Structures are given as structure tokens and as C-alpha cells.
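S.K.: Fold the following.
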Amino acid sequence: MSKAHELYDAAFSSVIRDPRSDEYKRGVLESLVYKLGESSLPPLPYPAGSAQLDAYFSGWDEGKSLAANYRNTKPILPFPYPHNEM
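M.R.: Just a heads-up that it's a prediction; the model follows:
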């Protein structure tokens, strides 16, 4: 399972979370996949000006936040210089 799917599942597995539309959830997942470098930028899935696209973009914003939060909390490992070994 990809990291984007793991983060998506964690975000929507909580029973205390408010329900979200399928369009919103699609935006979250596609944003995570894109922001974590797992795919290229997807085409817009809904017509401009539609409520579906508004929900999708709201989900996209959450996905961006989840991706940024993940990137900022990953442990930073030391660079493995070969000459540092004893």
C-alpha cells in the first residue's frame, strides 16, 4: 500500500470524524498521491463551477495539509557516509 493510501485510510478511519462526500474524499486522495510524488497532476474530474468540483478542491486542500504534515514529521536520518564507519 502506498504512503498516500495509508494517510488517506488513517484520515477517514476515525469514527469521530464528520462525514464527507465522495468528491471530497477523491480530492484528498488525489492530492496526497500527487503531493507525495506517487503520480502526476490529475485532470479536473468535475465541471468548472459545479458543487462537486468545490467539494473536490476542499478535499484537495486537506490532502495538501496531510502531505505537508507527513513530510514535516518524517525522521531525518543521517547521510550514510562510507568513511564514517569504523
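S.K.: Kindly provide the distance from Phe12 to Ala48.
M.R.: According to C-beta to C-beta, to the nearest Å, Phe12 and Ala48 sit 26 Å apart. Bear in mind the C-beta positions are built from the backbone N, C-alpha and C, glycine included.
S.K.: which one of those two has more residues nearby?
M.R.: Using other C-beta atoms under 10 Å as the criterion, Phe12 and Ala48 rank with Phe12 on top: 14 against 6.
S.K.: dump the residue contacts of the residue lying closest to that one once chain neighbours are set aside.
M.R.: Excluding the flanking residues, the one nearest Phe12 by C-beta to C-beta, 6 or more residues apart in numbering is Lys25, at 6.6 Å. By C-beta atoms under 8 Å, 6 or more residues apart in numbering, the residues touching Lys25 are Tyr8, Phe12, Gly59.
S.K.: quick one: low-confidence parts of the chain?
M.R.: 74-86 (pLDDT under 70).
S.K.: Tell me where it has helices.
M.R.: 3-12, 22-35, 51-73 (DSSP state H).
S.K.: any idea which of those helices is most buried?
M.R.: Mean neighbour count, computed with mean count of other C-beta atoms under 10 Å, is highest for helix 22-35 among the helices of the chain, reaching a mean of 21.
S.K.: Good, we can wrap up now.
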